[in-house]
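>>> Below are the sequence and a predicted model for it; my questions follow.
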Amino acid sequence: MNKKPAGPAKTKLDWDWKAFILGPIYYAMNGMWKHALVMVVVLFLGGFIMFIPIAVFSALRFQEDLQDFHKPQKKK
């Protein structure tokens, strides 16, 4: 039995230009309203100083968030 030792899960961050440029709008266009709303609230509370960090976060995390959004939810 050749089992590999279980290590920490690796995540690959992909850059998404549409998410970088549109940010919360792109999240909302793809049905992730909660993510978009949180980003807009952070932008307003931060006085739009958070624009670049939100854009970078959106670009790096969009694909992973989209996959999580489309996973079937477990029923309790």
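Yep, that arrived.

>>> which other helices and strands contact the helix ranked longest in the chain?
Ranked by number of residues, the top helix in the chain under DSSP state H is helix 51-70. Judged by 3 or more C-beta pairs under 8 Å, 6 or more residues apart in numbering; DSSP states H and E, helix 51-70 is in contact with helix 17-22, helix 24-29, helix 33-45. Yep, even glycine has a C-beta here, placed from its N, CA and C like the rest.

>>> now these in CSV, with mean pLDDT?
Converted to CSV, the helices and strands packed on helix 51-70 look like this (pLDDT from 0 to 100):
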stretch, mean pLDDT
helix 17-22, 95
helix 24-29, 96
helix 33-45, 95
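
>>> deepest of the ones you listed, which one?
helix 24-29 (a mean of 18; mean count of other C-beta atoms under 10 Å).

>>> What lies in contact with that one?
Residues from elsewhere that reach helix 24-29 (C-beta atoms under 8 Å, 6 or more residues apart in numbering): 18-19, 22, 33, 35-37, 39-40, 43, 54, 58, 62, 65.

>>> Including distance to residue 73, could the helices and strands packed on helix 51-70 go into TSV?
Output for the helices and strands packed on helix 51-70, formatted as TSV (distance: least, C-beta to C-beta, whole Å):
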stretch	distance to residue 73
helix 17-22	23
helix 24-29	18
helix 33-45	13
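
>>> Nearest spatial neighbour of residue 39, chain-adjacent residues omitted?
Setting aside the residues directly before and after it, residue 39 is nearest to residue 24 in space (C-beta to C-beta, 6 or more residues apart in numbering), at 4.0 Å.

>>> Check residue 56 too.
Using C-beta to C-beta, 6+ apart and skipping residues adjacent in sequence, the residue nearest residue 56 is residue 20, 7.1 Å away.

>>> quick one, what contacts the one you found?
Each residue near residue 20 by C-beta under 8 Å, 6+ apart is listed here: 55-56, 58-59.

>>> The same query, at a cut-off of 10 Å, please.
Contacts for residue 20 (C-beta atoms under 10 Å, 6 or more residues apart in numbering) come out as 26, 52, 54-60, 62.
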